[in-house]
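J.: Just to be clear, the model below is a prediction. Sequence and coordinates:
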Amino acid sequence: MFESLGEKFEGVFRKLRGQKTLTEDNIKDAMREVRLALLEADVNYLVVKDFVSRVRERAIGEDIVKGVNPAQQLFSIVHKELVRVMTGDPDTDVEFVVQPGKRNRILLLGLQGSGKTTFSGKLANHLREKKCKPLLVACDVYRPAAVEQIKQVGGALNIPVFELGTDKPVLEIIAAAEKYADANGLDSLIIDTAGRLQIDEVKMDELTAIKQTVRPDYTFLVADAMTGQDAVNSAKGFNEEVGIDGVCLTKLDGDARGGAALSIKAVTGKPIVFVGVGEKSSDLELFHPDRAAQRILGMGDVVSLVEKAQEAFSEEDALSMQEKMGSGKFSYDDFLGQMKMIRRMGSLKGLLGMLPGMGNALKNVDNEDLTNNLKRVEAMILSMTEQERSNPELVRNEGTRRQRIAKGSGHQLVDVNNLVKQFEQMRGAMQQMMGAGMLDKAKGMFGGGGMPDPSQLMGGMPPGAEPNPRDIKKYKRMMKAQERTARPASMTKKKNKKKRRK
């Protein structure tokens, strides 16, 4: 999400790092590149013009802060302006709140091919996670096989679907769905209306009648993020003709350049509420402008990562894992359990992309390759005996065991040696972190402490700042020490023998 735009911004900041201070000349050059980057991302021209003008004005009037280079200063200004563009007027924002047990009505609108029916299934799954009992209502009576499609979506998620075929009027279908929901204890209606090939007056009148009769709690337009400014134009048209509360962007994980996400609020005045970031039913996220700005600028999205971790890990699991890491009792069984939990959190590439600075590193990485690597590690761990999984030292110190594990899992001995080495490095690093109290910074991830501060989780480094060279040297020394402790005993003996011969 936003990788291409993020690369362009990174190039702008990289050129400024060699400068001593912000001047009108280097600001002018930087703004020219920022303008081109935004236009290439298909951001609305007027939005780009206003954005560049505000950034230039603030940068020229910015006071020089001692010890902060021009790249960091401009970085801070651009981040604030990106958030402003996507936030607009906070008074017009929509906070999506549903109450279990209370009738919640959500009306979905959109053009054909926007992914509206698939989105309705993801939204139903999201409501179910909020302890609601959703019902999908099939109201697309014009498109062939539309009713069958939503039945398949609901069936795959085990969510009930109400339909009366394609011969009944839409308002009659919705009225019957209300009665069905009452009779079956379902509290949330997701009404999937017919997609439009274009905004035409006749079908808009039908949507207006539906909205006036149903009086939904939320009216959302579902738009394809990959269509760029077409998504913005359709949002504007639907809002003027029918009236919408917000926009839900689908396919933001594809080749979407980010133009729609950066333009919709400024052009229509309506916020983005949800974004689809994958094909799975769980790949639906509430949209947060500040987090989107962080991703664009390569800062990652640590808060969203923590939220996903909270959903996948229980408080008991987290405390138990923390205790094992601190005491050095972390085993291969624990490692295997962690990997399974991480896979439940969603796309591995998406999760890694939430870490600061990982955007560019992952641009040529395929999510399937990452998943296959995890599967290979699982295969090697599952080839160990119960005793070996609970006592990692057996595998580390005995080469014959590693040879057997390699044969049993269909891998080479070097693969098992690498697994052992990486496991010991990770276990040692976690013990040092626990001893140094570094994990206390994450206090509040579970329980009543609230959400941790992302800047603290990142080591307190300000946005755009370069890591301290001393910290890098210290980290390298620590990793070398871990590498020595992770080396199998047989290898250490061979090295000692060579030294004695010399």
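T.: Looks like it came in fine.
J.: Give the rounded mean pLDDT of the host helix or strand of T371.
T.: T371 belongs to helix 367-382 when assigned by DSSP states H and E. Throughout helix 367-382, pLDDT has a mean value of 78.
J.: Downstream of it, the next helix or strand is which one?
T.: helix 386-390.
J.: what comes up buried for stretch 99-106?
T.: 104-106 (16 or more other C-beta atoms under 10 Å). C-beta coordinates here come from the backbone N, C-alpha and C atoms, glycine included.
J.: From those, which land in strands?
T.: 104-106 (DSSP state E).
J.: follow-up on the earlier one: what is the nearest of the buried residues of stretch 99-106 to K49?
T.: Of all those, K49 sits closest to I106, with 35.4 Å by C-beta to C-beta.
J.: Verify the contact between the closest one and I190 for me.
T.: Yes: the pair I106 / I190 is scored as a contact, 5.1 Å apart, by C-beta atoms under 8 Å.
J.: so where is the stretch 401-502 of the chain shaky, pLDDT-wise?
T.: Within the stretch 401-502 of the chain, the segments meeting pLDDT under 70 span 429-502.
J.: if we can go back for a sec, including distance to D217 and pLDDT, could the ones in strands among the buried residues of stretch 99-106 go into a markdown table?
T.: Shown next, in a markdown table, are those (distance: C-beta to C-beta, whole Å; pLDDT from 0 to 100):
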| residue | distance to D217 | pLDDT |
| --- | --- | --- |
| N104 | 5 | 92 |
| R105 | 5 | 94 |
| I106 | 7 | 95 |
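J.: got TSV for the residues you listed, with distance to E378 too?
T.: TSV is the format used below for those (distance: C-beta to C-beta, whole Å):
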residue	distance to E378
N104	40
R105	44
I106	39
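J.: How is L5 assigned, secondary-structure-wise?
T.: helix (DSSP: H, G, I helix; E, B strand; the rest coil).
J.: Kindly apply the preceding question to V273 instead.
T.: Applying three-state DSSP: V273 is strand.
J.: State the pLDDT value of the closest residue to it other than its chain neighbours.
T.: Of all residues not flanking V273 in the chain, G246 sits nearest, at 3.8 Å (C-beta to C-beta, 6 or more residues apart in numbering). G246 carries a pLDDT score of 90 in this model.
J.: swap in S120?
T.: 93.
J.: Let me see the contact set for it.
T.: 108, 136, 150, 153, 190, 192 (C-beta atoms under 8 Å, 6 or more residues apart in numbering).
J.: Over to the last one. Which of the three states is it?
T.: D192 carries the three-state label strand when classified by three-state DSSP.
J.: hmm, which helix or strand of this protein has the shakiest average pLDDT?
T.: helix 454-457 (a mean of 37; mean pLDDT, DSSP states H and E).
J.: ok, so what distance separates the nearest residue to I296 once chain neighbours are set aside from A145?
T.: Nearest non-adjacent residue to I296, counting by C-beta to C-beta, 6+ apart: F2, 4.6 Å away. With distances taken as C-beta to C-beta, to the nearest Å, F2 is found 34 Å from A145.
J.: In terms of neighbours, single out the busier of the two.
T.: Set F2 next to A145 and count neighbours by other C-beta atoms under 10 Å: F2 wins out with 23 against 11.
J.: pLDDT value on that one, please?
T.: For F2, the model assigns a pLDDT of 70.
J.: which ones are touching it?
T.: So F2 contacts 258, 261, 292, 295-296 (C-beta under 8 Å, 6+ apart).
J.: hmm, 7 Å instead?
T.: When contacts are counted by C-beta atoms under 7 Å, 6 or more residues apart in numbering, F2 touches 258, 295-296.
J.: Pull out the buried positions in stretch 164-182.
T.: In stretch 164-182, counting by 16+ other C-beta under 10 Å, buried: 164, 166, 170, 173-174, 177-178, 181.
J.: Pull the residues that contact it.
T.: So stretch 164-182 is contacted by 135, 137, 139, 141, 147, 162, 189, 191, 210, 213-214 (C-beta under 7 Å, 6+ apart).
J.: could I get those residues as JSON lines with distance to E393?
T.: What follows is the contacts of stretch 164-182, written out as JSON lines (distance: C-beta to C-beta, whole Å):
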{"residue": "L135", "distance to E393": "55"}
{"residue": "V137", "distance to E393": "59"}
{"residue": "C139", "distance to E393": "63"}
{"residue": "V141", "distance to E393": "67"}
{"residue": "V147", "distance to E393": "60"}
{"residue": "F162", "distance to E393": "59"}
{"residue": "L189", "distance to E393": "58"}
{"residue": "I191", "distance to E393": "60"}
{"residue": "I210", "distance to E393": "67"}
{"residue": "T213", "distance to E393": "70"}
{"residue": "V214", "distance to E393": "65"}
